[in-house]
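K.L.:
no sequence for this one, just the structure:
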């Protein structure tokens with residue numbers, strides 16, 4: 001059974017930092033590009049970042065470039081999202097999942113999701 005467990009969210013002031021983690025199980029971790037997505041109230045889920053399973057190359061949405069960094073640890077089967085210089089518009093539930101990149105934009109590759117972790121950035 002595929003399981004994705006996100007953690008690390010919370011309430012932070014604008015300009016602050018958070019590090020999200022996603023523990024994966026139930027599939028061969030190294031076979032999949034994995035990424036982070038977010039969904040704000042009343043909005044569709046959007047791709048934030050995606051990291052390759054082949055060479056760790058990373059792609060990020062324009063809205064987070066230079067502020068967010070995605071990484072993966074194969075030994076721990078965990079994907080991370082380091083978020084710096086957070087803005088109120090980053091407030092959303094963050095999910096991890098398999099990803100693919102089209103024209104530099106991360107998209108979901110499969111419809112498997114964890115419960116998500118809430119990130120709230122106050123102004």
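P.N.:
It's in. Keep in mind it's a predicted model, so treat the numbers as computed, not measured. Residues are numbered from 1 along each chain as shown.
K.L.:
Now do stretch 46-61: distance to the chain's middle.
P.N.:
Distance of stretch 46-61 from the chain centroid (CA atoms, centre = their mean, to the nearest Å) equals 9 Å.
K.L.:
What residues sit buried inside that stretch?
P.N.:
By neighbour count on 16 or more other CB atoms under 10 Å, the buried set for stretch 46-61 is 47, 48, 49, 50, 51, 52, 53, 58, 59, 60, 61. Every C-beta, even on glycine, is put in place using the N, C-alpha and C of the backbone.
K.L.:
tell me the mean pLDDT over stretch 68-79?
P.N.:
Regarding stretch 68-79, the rounded mean pLDDT is 97.
K.L.:
And the strands in the chain?
P.N.:
3-7, 10-13, 18-25, 34-39, 46-51, 58-60, 68-73, 78-83, 92-102, 105-108, 117-122 (DSSP state E).
K.L.:
Next up, the contacts around the residue positioned nearest the centre of the chain.
P.N.:
In the chain, the C-alpha nearest the mean C-alpha coordinate belongs to residue 36, at 2.0 Å (CA atoms, centre = their mean). By CB atoms under 8 Å, 6 or more residues apart in numbering, residue 36 lies in contact with 20, 22, 47-50, 70, 79, 81, 94-96, 106.
K.L.:
for the helix or strand of the chain at the bottom of the mean pLDDT ranking, which positions count as buried?
P.N.:
Across the helices and strands of the chain, mean confidence by mean pLDDT, DSSP states H and E is lowest for strand 105-108: a mean of 92. Using 16+ other CB under 10 Å as the burial criterion, the residues of strand 105-108 that qualify are 106, 108.
K.L.:
Mind listing what's buried along stretch 21-39?
P.N.:
Going by neighbour count (16+ other CB under 10 Å), the buried part of stretch 21-39 is 21, 22, 24, 27, 29, 32, 33, 34, 35, 36, 37, 38.
K.L.:
what would these look like in JSON lines with pLDDT and distance to residue 115?
P.N.:
Compiled in JSON lines, those are given as follows (pLDDT from 0 to 100; distance: CB to CB, whole Å):
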{"residue": "21", "pLDDT": "98", "distance to residue 115": "13"}
{"residue": "22", "pLDDT": "98", "distance to residue 115": "11"}
{"residue": "24", "pLDDT": "97", "distance to residue 115": "14"}
{"residue": "27", "pLDDT": "95", "distance to residue 115": "17"}
{"residue": "29", "pLDDT": "95", "distance to residue 115": "19"}
{"residue": "32", "pLDDT": "95", "distance to residue 115": "19"}
{"residue": "33", "pLDDT": "96", "distance to residue 115": "21"}
{"residue": "34", "pLDDT": "97", "distance to residue 115": "16"}
{"residue": "35", "pLDDT": "97", "distance to residue 115": "17"}
{"residue": "36", "pLDDT": "98", "distance to residue 115": "14"}
{"residue": "37", "pLDDT": "98", "distance to residue 115": "13"}
{"residue": "38", "pLDDT": "98", "distance to residue 115": "14"}
